[in-house]
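**Student:** Quick one, what's the 3D model for this:
(chains A and B)
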Number of protein chains: 2
Amino acid sequence: MNTQRVAFQGEKGAYSELATSQYFLNAEILPMKTFEEVFENIETGKVDFAIIPIENSIEGSINETYDLLLQTNMLVSGEIYLRIRHCLIANKHTNSIIDSVYSHPQALAQCRSYLKKKRLEPIPTYDTAGAVKMIKERNITNAAAIASRRAAEIYDMEILDEGIEDKNNNFTRFLVLSKTKTKPTHNDRTSIIFSINHLPGALYSILEEFAYRKINLTKIESRPTKEAPWEYNFYVDFEGHLSEENTKYALQSVKKKCAFFKILGSYKKAEFM
Amino acid sequence: MNTQRVAFQGEKGAYSELATSQYFLNAEILPMKTFEEVFENIETGKVDFAIIPIENSIEGSINETYDLLLQTNMLVSGEIYLRIRHCLIANKHTNSIIDSVYSHPQALAQCRSYLKKKRLEPIPTYDTAGAVKMIKERNITNAAAIASRRAAEIYDMEILDEGIEDKNNNFTRFLVLSKTKTKPTHNDRTSIIFSINHLPGALYSILEEFAYRKINLTKIESRPTKEAPWEYNFYVDFEGHLSEENTKYALQSVKKKCAFFKILGSYKKAEFM
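**Tutor:** Numbering: from 1, shown residues only, chains lettered A, B, ... in the order given. Next comes the predicted model:
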């Protein structure tokens, strides 16, 4: 059997890579510079799976990946919860005073109180692990980076502090994308996208189809359509599998009431650790 | 009459400052480094009003200001729509080749196609106008900044290109915060925050109170509660004023069904230009 190829966004040591290793025991894991590249690689069949972060339990939804899901013809075939534990990472063997910290804006936001207390100036970058790589390559000694323990190990850097996130219920939810439809496990979630017309009760009338069938919604997110200001696409996750009668009937009725309707897929719910 | 004091986040020339001048004809406009400072200044009465961006028609909601609204005891007393027109701004009298561009991640995202076409590397910073100020002060000649025309004028910089945003329906919606309750104009919007219990039909049952009274919802946003993973506060905007019977009854019923409930205020809807 061929090794499965999995794409993620970021440098080696990124949280997306940790999520990938948690889900796939034995896969070739390929770092990509941008989310667009990740989607391109899965859509053209250059990789078998893609792992994308979709929301964080503290900072909320990842807008860019939500927006890319709208256009893709890939299916969501799984999800992963990863506990986020941030480290403060610096170059080894240096006595310089550290006054600033590089990292992705979400990671900086998740350590806001810590940085304030330690009087460290946050400097945004595109990546957590990429920030570690950058201060290593440029031999920056008056700044640290925020990233995973694994990023520190990969780039052979010193961990000055660990678990520096402000809240310990910090998890990121990742989606697994592929071409494969999944089989029901009776512990599944389904994700859809739709838009509605600007009428009183329009969203209510959609939710009615779920409520009436006792289908539990687990997430509702709105994103601008980008076509006209203040018009939105709704991203809804709910419990159930597309192959179940209850789900099928609900979606048939929902589809009739929508201006736009798209199914992203059904997949086994992640274990919550 | 005393001049009104208004706080905004950013450097002079920021889009928030433009929004402030559009709303207040004659006010003392005070730049603040962070949104936290803006909220602190209005809550302690050091300023009379605060202007905060809440959502952009392309990039979506501003998470940080949504989260700060949860804790504040201030009222939303107005809203502003501002057309966002980005300029590519550089130091004057330089012949260096420009290969990178500094700006706020949202501004960089809004000019993604332009930057890709021109092969300019985006570098995130905390501010649009702040990026202009920074390349001026450090006399950086191989990089430009993305910000408003006004920012270029304030810092006496050259505008290399104008209207570089990928979509021309790019608007930002700002909220006006104060201690003042507004009077109804019969063209108003009301904003509330609530959380619900994890039960099938819980959100549906809330929306029922609006649908039944033909109240039009204009926005629904979910944000993590940050207390427990995958639990959300909902931010809902709808047409109507708190002083109207219809709105009053709807909110009385909604409140009874919520785990948490908070009214942000009623305010005149902004003119859409």
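**Student:** tell me the contacts of the closest residue to A:Thr185 other than its chain neighbours?
**Tutor:** Distance criterion CB to CB, 6 or more residues apart in numbering or on different chains; nearest residue to A:Thr185, sequence neighbours excluded, is A:Lys268 at 4.7 Å. C-beta: built from backbone N, CA, C; applies to glycine. In this structure, A:Lys268 makes contact with A:Gly78, A:Glu79, A:Thr182, A:Thr185, A:Asn187, A:Asp188, A:Arg189, judged by CB atoms under 8 Å, 6 or more residues apart in numbering or on different chains.
**Student:** In strands only, show me those residues.
**Tutor:** Mapping the contacts of A:Lys268 onto strands (DSSP state E) picks out A:Gly78, A:Glu79, A:Asp188, A:Arg189.
**Student:** Now these in CSV, please, with extra columns for pLDDT, distance to chain B and neighbour count.
**Tutor:** Below are the ones in strands among the contacts of A:Lys268 laid out as CSV (pLDDT from 0 to 100; distance: CB to the nearest CB, whole Å; neighbours: other CB atoms under 10 Å in any protein chain shown):
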residue, pLDDT, distance to chain B, neighbour count
A:Gly78, 97, 17, 22
A:Glu79, 97, 11, 21
A:Asp188, 98, 15, 21
A:Arg189, 98, 11, 21
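**Student:** Reformat those as TSV; add distance to A:Ile98.
**Tutor:** Putting the ones in strands among the contacts of A:Lys268 into TSV (distance: CB to CB, whole Å) gives the following:
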residue	distance to A:Ile98
A:Gly78	39
A:Glu79	37
A:Asp188	46
A:Arg189	42
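**Student:** Longest helix in chain A, please.
**Tutor:** What stands out as the longest helix in chain A, according to DSSP state H, is helix A:245-257.
**Student:** Tell me which helix or strand comes right after that one.
**Tutor:** strand A:260-268 (DSSP states H and E).
**Student:** in that next one, what counts as buried?
**Tutor:** By 16 or more other CB atoms under 10 Å in any protein chain shown, the buried positions in strand A:260-268 come out as A:Phe261, A:Lys262, A:Leu264, A:Gly265, A:Ser266, A:Tyr267, A:Lys268.
**Student:** Check stretch A:41-49 too.
**Tutor:** So for stretch A:41-49, counting by 16+ other CB under 10 Å, buried means A:Asn41, A:Ile42, A:Glu43, A:Val47, A:Asp48, A:Phe49.
**Student:** which residues sit against that stretch?
**Tutor:** A:4-7, A:24, A:27, A:30, A:32, A:40, A:50, A:72-74, A:77, A:176-179.
**Student:** What subset of those residues is buried?
**Tutor:** By 16+ other CB under 10 Å, the contacts of stretch A:41-49 give A:5-7, A:24, A:27, A:30, A:32, A:40, A:50, A:72, A:74, A:77, A:176-178 as buried.
**Student:** Now the element after the helix or strand containing A:Pro53, going C-ward?
**Tutor:** In the assignment (DSSP H and E), A:Pro53 maps to strand A:49-56. The first helix or strand that comes after strand A:49-56 along the chain, using DSSP H and E, is strand A:60-61.
**Student:** A:Ile62 contacts A:Leu69, correct?
**Tutor:** No. Between A:Ile62 and A:Leu69 there is no contact under CB atoms under 8 Å: 10.3 Å.
**Student:** Need the max-distance pair from the buried residues of strand A:260-268.
**Tutor:** A:Phe261 and A:Lys268 (23.5 Å; CB to CB).
**Student:** which residues does whichever residue of the stretch 1-150 of chain A sits closest to chain B contact?
**Tutor:** As assessed by CB to the nearest CB, chain B sits closest to A:Ser57 within the stretch 1-150 of chain A, at 3.6 Å. The contact partners of A:Ser57, taken as CB under 8 Å, 6+ apart, are A:Asn169, A:Asn170, A:Phe171, A:Thr172, A:Arg173, B:Pro224, B:Lys226, B:Pro229, B:Trp230.
**Student:** Could you find the closest non-adjacent residue to it?
**Tutor:** B:Pro229 (3.6 Å).
**Student:** now do A:Asn170
**Tutor:** A:Ile84 (4.4 Å).
**Student:** B:Pro105: which of the buried residues of strand A:260-268 is nearest?
**Tutor:** A:Leu264 (25.4 Å).
**Student:** Please name the nearest non-neighbouring residue to that closest one.
**Tutor:** Nearest to A:Leu264 is A:Ser191, by CB to CB, 6+ apart, at 4.0 Å.
**Student:** didn't that neighbour look like it was pressed against A:Leu251?
**Tutor:** No. A:Ser191 is not in contact with A:Leu251 according to CB under 8 Å; the separation is 11.5 Å.
**Student:** so what sits against both of these two?
**Tutor:** What both A:Ser191 and A:Leu251 touch, as defined by CB under 8 Å, 6+ apart, is the set A:Ile263.
**Student:** Count the residues that sit near A:Glu245.
**Tutor:** Residues near A:Glu245, counting by other CB atoms under 10 Å in any protein chain shown, number 9.
**Student:** re the thing from before, turn the contacts of A:Ser57 into TSV, including neighbour count.
**Tutor:** Supplementary listing: the contacts of A:Ser57 in TSV, determined by neighbours: other CB atoms under 10 Å in any protein chain shown:
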residue	neighbour count
A:Asn169	17
A:Asn170	22
A:Phe171	19
A:Thr172	24
A:Arg173	22
B:Pro224	23
B:Lys226	18
B:Pro229	20
B:Trp230	17
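**Student:** Farthest-apart pair in these, please.
**Tutor:** A:Arg173 and B:Lys226, at 14.8 Å, using CB to CB across these.
**Student:** Give me the pLDDT value at A:Met1.
**Tutor:** Looking at A:Met1, its pLDDT stands at 57.
**Student:** close to chain B, is the helix or strand harbouring A:Tyr204?
**Tutor:** Using DSSP H and E, A:Tyr204 sits within helix A:202-211. Yes. With CB under 8 Å from any CB of the partner chain as the criterion, chain B is reached by helix A:202-211 at A:Leu203, A:Tyr204, A:Ser205, A:Leu207, A:Glu208, A:Phe210, A:Ala211.
**Student:** Dump the residues you listed into JSON lines; add pLDDT as well.
**Tutor:** Listed next are the residues of helix A:202-211 next to chain B as JSON lines, based on pLDDT from 0 to 100:
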{"residue": "A:Leu203", "pLDDT": "95"}
{"residue": "A:Tyr204", "pLDDT": "96"}
{"residue": "A:Ser205", "pLDDT": "95"}
{"residue": "A:Leu207", "pLDDT": "96"}
{"residue": "A:Glu208", "pLDDT": "96"}
{"residue": "A:Phe210", "pLDDT": "96"}
{"residue": "A:Ala211", "pLDDT": "95"}
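**Student:** Please pick the buried ones from those.
**Tutor:** A:Leu203, A:Tyr204, A:Ser205, A:Leu207, A:Glu208, A:Phe210, A:Ala211.
**Student:** surely the first one meets A:Ile196?
**Tutor:** Yes. Assessed by CB under 8 Å, A:Leu203 is found in contact with A:Ile196 at 5.9 Å.
**Student:** Doesn't A:Ala19 lie inside a helix?
**Tutor:** Yes. Counting by DSSP: H, G, I helix; E, B strand; the rest coil, A:Ala19 falls inside a helix.
**Student:** For it, grab the count of nearby residues.
**Tutor:** Neighbour tally, A:Ala19, other CB under 10 Å: 24.
**Student:** which residues touch it?
**Tutor:** Contacts of A:Ala19 (CB under 8 Å, 6+ apart): A:Phe8, A:Ile51, A:Pro53, A:Ile80, A:Leu82, A:Thr172, A:Phe174.
**Student:** Next: A:Leu251.
**Tutor:** Per CB under 8 Å, 6+ apart, neighbours of A:Leu251: A:Ile192, A:Leu242, A:Ile263.
**Student:** Need the pLDDT of the second one.
**Tutor:** Per-residue confidence at A:Leu242 stands at 97 (pLDDT).
**Student:** can you tell me how far it sits from chain B?
**Tutor:** A:Leu242 sits 18 Å away from chain B, taking CB to the nearest CB, to the nearest Å as the criterion.
**Student:** And what about that residue, helix, strand or coil?
**Tutor:** Classified using three-state DSSP, A:Leu242 is coil.
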